[in-house]
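This is the structure alone, sequence omitted:
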Ligand SMILES: Nc1nc2c(ncn2[C@@H]2O[C@H](COP(=O)(O)OP(=O)(O)OP(=O)(O)O)[C@@H](O)[C@H]2O)c(=O)[nH]1
């Protein structure tokens, strides 16, 4: 995984519910992101993954059952949404708001877990801020 990708707070992986090949590709991406987390021992600080089934308006041509996508999402600790970007503008907005809120919350939790933050606070409490010598 590149440095830029490893710093990401979250990933939105969008597939087309009427094209199974796009779902298969989405699964490949999810697996490689989670494998990278394991390789880097980042289970505690892993990025949020959001699996999104788009083109819900084409459900009469559906090739990916919702239950199957939900199962994959559950297996890989992803949040799951299904919507139509073309017809559900408000749902898309709400989804982005939820995703951003979720990432902010996760970052707060990660910050609390990070020992270096509290160690830095402890050092600054003990020694105070360095003053310039006169
Ligand atoms: N019916 C329907 N079509 C959609 C929806 N969202 C996007 N599309 C159409 O899907 C096509 C691809 O959309 P893009 O925005 O180009 O998405 P992309 O991920 O770049 O897609 P690719 O070009 O296939 O890689 C366009 O013709 C869009 O109009 C949707 O919710 N419903």
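Yep, that arrived. Keep in mind it's a predicted model, so treat the numbers as computed, not measured.

residue boundaries of the helices in the chain?
3-6, 20-39, 66-75, 89-113, 115-127 (DSSP state H).

could I get those helices as TSV with distance to residue 56?
The way it works is simple: take the backbone N, C-alpha and C, and place the C-beta from them, glycine included. Shown next, in TSV, are the helices of the chain (distance: least, Cβ to Cβ, whole Å):
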stretch	distance to residue 56
helix 3-6	28
helix 20-39	14
helix 66-75	9
helix 89-113	9
helix 115-127	41
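
Of the ones you listed, which is nearest the ligand?
helix 20-39 (7.9 Å; Cβ to the nearest ligand atom).

coming back round to it: distance to the ligand and mean pLDDT added to the helices of the chain, as TSV?
Formatted as TSV, these follow (distance: least, Cβ to the nearest ligand atom, whole Å; pLDDT from 0 to 100):
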stretch	distance to the ligand	mean pLDDT
helix 3-6	18	72
helix 20-39	8	91
helix 66-75	15	97
helix 89-113	9	87
helix 115-127	38	69
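
Including distance to residue 51 and mean neighbour count, could those helices go into TSV?
Shown next, in TSV, are the helices of the chain (distance: least, Cβ to Cβ, whole Å; neighbours: other Cβ atoms under 10 Å):
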stretch	distance to residue 51	mean neighbour count
helix 3-6	17	9
helix 20-39	6	15
helix 66-75	5	14
helix 89-113	11	13
helix 115-127	31	9
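
For this structure, which residue gets nearest to the ligand?
Taking Cβ to the nearest ligand atom, the chain has residue 86 as its residue nearest the ligand, at 3.4 Å.

That residue and residue 92 touch, don't they?
No: contact criterion Cβ atoms under 8 Å: residue 86 and residue 92 do not qualify, at 9.6 Å.

and the residue of the chain closest to the ligand, what pLDDT?
On pLDDT, residue 86 comes in at 97.
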